[in-house]
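Asker: Sequence first, predicted model second:
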Amino acid sequence: MLRFPEHQVAGHKAIEGKLGPLIDDYGNFYKPLQSKGRGSNEVACYKFFNSDPRVPNNISQRYIPNFHGTKVLNASDGSGLHPHLVLEDVVSCYSNPSVIDVKIGSRTWYPESSDAYVSKCLKKDRESSSITLGFRISGLKFVSCSLKENDSLSWQPDKEFLQNLSAEDVKLVLSKFVSCNFSSNDDAVSLRPDRAFVNEVFGGSNGILEQLLELKQWFEVQTIYHFYSSSVLMVCDRESVMNGKSSGGVVKLIDFAHVVDAKGSIDHNFLGGLCSLIKFISDILDSPLDYENNCIFNGNGTEDEQ
Ligand SMILES: Nc1ncnc2c1ncn2[C@@H]1O[C@H](COP(=O)(O)OP(=O)(O)OP(=O)(O)O)[C@@H](O)[C@H]1O
Ligand SMILES: O=P(O)(O)O[C@@H]1[C@@H](O)[C@H](OP(=O)(O)O)[C@@H](OP(=O)(O)O)[C@H](O)[C@H]1OP(=O)(O)O
């Protein structure tokens, strides 16, 4: 039985009669091929990552979701049969994952985009943290550890909220990804993050920071593709970490609709954004309390002095 992916945090969604991804009980994530060549571009990329020896094994096996070809399925929008990419559902092995989708790059439009497309992307890049930080948080769903009755267990702010985050807000949101101390939607933006899992999830030899650094090493040399508008998806499951079942978090590279031929040059746009994200995560690991002592998040994308 196919269903809407309950842990999907960004992108086109299979809700309100729209075309979006579906999942099954066997760990598959079915992403509909998008129109205007985006779907076929993505299929070509996944095929390439699966088979081309120029992509090192540590990159293709660890950071790219497994690809199982394409399958024609009934589309979520009721329009009939539609081809879908069959991907590994990278959150299927977790019961309550926290997920954050970070769109990398200060520029999300690809070369040869139409003027209208450039304007659309540039507007979003300017309004969000993309231009200033080299990345933006496209979506998230964080699960708290609260076992109190009536407490909401997850925080999934809307798109408008995420679109307006300052650098400090981004730091706080990333801190919340590794924290335990929020229990309702409102608390989620007003409490100081306790960073209960910062070392387990961001730190350590298997943690997210190390994974991002490994990805960065590849981007420092790869001249095959430029990844416009692609995301780094970061996942952690607090229960598994607490029970010692899983170490750290998981990093995956997703969304290859606008990946283009690099023509032999480094992808500075992606590399720059990745370095910036790495810096944010290193800072959170290295100086856990420096900014939390000075401000709290008031939920409006601004800070209040304490
Ligand atoms: N392989 C996967 N396993 C689990 N979840 C996934 C996977 N791929 C994508 N997702 C979920 O779906 C969301 C959207 O993915 P993706 O960016 O590929 O879609 P999109 O519709 O192309 O996005 P956009 O509208 O930004 O172009 C991600 O934020 C993530 O929550
Ligand atoms: O609707 P489209 O043409 O698929 O374009 C989507 C766009 O609608 C979507 O924005 P929003 O409507 O959700 O605000 C973009 O998401 P971001 O806000 O994360 O940029 C998609 O990236 C667009 O897809 P594409 O970039 O392939 O044109």
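Answerer: Right, received. Where do you want to start? Ligands and ions are numbered 1, 2, ... in the order given.

Asker: In the longest helix along the chain, which residues are buried?
Answerer: Ranked by number of residues, the top helix in the chain under DSSP state H is helix 268-286. Neighbour-count burial for helix 268-286 flags 269-278, 280-281, 284-285 (criterion: 16 or more other Cβ atoms under 10 Å). All C-beta spots, glycine's among them, are computed from the backbone N, C-alpha and C.

Asker: what residues go with each domain of this protein?
Answerer: 22-88, 98-305 (automatic domain parsing).

Asker: So which of those is nearest Met1?
Answerer: domain 22-88 (7.1 Å; Cβ to Cβ).

Asker: ok now do Ile208, which residues does it touch?
Answerer: For Ile208, the contacting residues are 201-202, 234, 236, 248-251, 281, by Cβ atoms under 8 Å, 6 or more residues apart in numbering.

Asker: one more time with 10 Å, if that's ok
Answerer: 100, 174, 177-178, 200-202, 232, 234-236, 248-251, 277-278, 281, 285 (Cβ atoms under 10 Å, 6 or more residues apart in numbering).

Asker: With Ser40 instead?
Answerer: 33-34, 70, 83, 257.

Asker: Nearest to ligand 2: which residue in the stretch 201-306 of the chain?
Answerer: With Cβ to the nearest ligand atom, the shortest gap between the stretch 201-306 of the chain and ligand 2 falls at Ala257, namely 5.0 Å.

Asker: for the protein, what spans make up the helices?
Answerer: 38-51, 57-63, 115-127, 130-133, 159-163, 167-177, 185-190, 208-219, 238-242, 268-286.

Asker: re the thing from before, turn the contacts of Ser40 into TSV, including neighbour count, pLDDT and distance to ligand 1.
Answerer: Shown next, in TSV, are the contacts of Ser40 (neighbours: other Cβ atoms under 10 Å; pLDDT from 0 to 100; distance: Cβ to the nearest ligand atom, whole Å):
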residue	neighbour count	pLDDT	distance to ligand 1
Leu33	19	98	10
Gln34	16	98	6
Thr70	19	98	14
Pro83	16	98	15
Ala257	20	98	5
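
Asker: Return the member of those residues nearest to Leu140.
Answerer: Taking these together and measuring to Leu140 by Cβ to Cβ, the closest member is Ala257, at 20.5 Å.

Asker: That closest one contacts Tyr46, doesn't it?
Answerer: No. When contacts are counted by Cβ atoms under 10 Å, Ala257 is not listed as touching Tyr46 (11.3 Å).

Asker: residues shared between the contacts of these two?
Answerer: Contacts common to Ala257 and Tyr46, judged by Cβ under 10 Å, 6+ apart, are Lys31.

Asker: In the protein, which residue sits nearest ligand 1?
Answerer: Gly11 (2.7 Å).

Asker: ok, now how distant is Lys123 from ligand 2?
Answerer: 10 Å (Cβ to the nearest ligand atom, to the nearest Å).

Asker: If you could redo that for Phe4, that was the one I meant.
Answerer: Distance, Phe4 to ligand 2, using Cβ to the nearest ligand atom: 16 Å.
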